[in-house]
Structure formats: structure tokens, C-alpha cells
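Trainee: I would like the atomic coordinates for the input below:
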Amino acid sequence: MTEINSVEIIGLIAATCTTAAFLPQVYQTWKTKNVSGLSLPMLTIFFTGVTLWLIYGTYINSLSIILANAITIVSVFLLIIFKLRYRNR
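Mentor: Modelled structure (predicted):
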């Protein structure tokens, strides 16, 4: 990993904001089991993009990109599981 500098701190703050903004959707979907507003194609494309960002972050040794996308991959994966499991409710 690279040393944390002021630019990486900005990235970590941005990563915290964007990742944290996604978590309430995961919680609400888990709690209500209402997936009608979730698009499976969008979630699949988003999952692919986030996975590629994680790979990119690993190649450039960016802690902020790695952390944000690792957490987001788990969140999106959960939403995909919820979408598939609760789609007929």
C-alpha cells in the first residue's frame, strides 16, 4: 500500500461518503423485502463496474479505492441476492 497523503485522505473521505450513502438502501431492502424499485440489470452492471474499480485500486495501490469498492461490492451483492430472493413477493 502507498503512504497516506493529503490526496488519499480526500479519497478516503469521498469513499466514506459514497459507500455510506449506499448502506441505507441495503438495510431498507433487507428490512422490508421490497425489491420492486431495484433493477437487476442496473445492479449487475454496477457490480461489474465496482469490481473493476477494486481491481484498478489494487493495481494503483489506492487505499481509498480499495476500501470503498470492497465494501460496495458486498452491498451490491446483497442487493442482488435480495432482488433474486424476494422478487416474487
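Trainee: when you work out contacts or count neighbours from here on, use the C-alpha atoms and nothing else.
Mentor: Will do.
Trainee: my read: Leu79 touches Gln28, true?
Mentor: No. Between Leu79 and Gln28 there is no contact under CA atoms under 8 Å: 10.3 Å.
Trainee: the more surrounded of those two?
Mentor: The residue with more neighbours, out of Leu79 and Gln28 and counting by other CA atoms under 10 Å, is Leu79; that gives 23 against 12.
Trainee: contact partners for that one?
Mentor: When contacts are counted by CA atoms under 8 Å, 6 or more residues apart in numbering, Leu79 touches 26, 29, 43.
Trainee: can you tell me which of those residues end up in helices?
Mentor: Taking DSSP state H, the ones among the contacts of Leu79 that sit in helices are 26, 29, 43.
Trainee: check the secondary structure at the spatially closest residue to the second one that is not a sequence neighbour for me.
Mentor: Read it as Thr29. For Thr29, the nearest residue in space outside its immediate sequence neighbours is Val35; the separation is 6.4 Å by CA to CA, 6 or more residues apart in numbering. When classified by DSSP: H, G, I helix; E, B strand; the rest coil, Val35 comes out as coil.
Trainee: hang on, Val35 packs against Ile80?
Mentor: No. The pair Val35 and Ile80 does not pass the contact test of CA under 8 Å, sitting 9.5 Å apart.
Trainee: contacting residues for the residue positioned nearest the centre of the chain?
Mentor: Of all residues in the chain, the one closest to the mean position by CA atoms, centre = their mean is Thr72, 1.8 Å from it. Neighbouring residues of Thr72 by CA under 8 Å, 6+ apart: 19, 22, 50.
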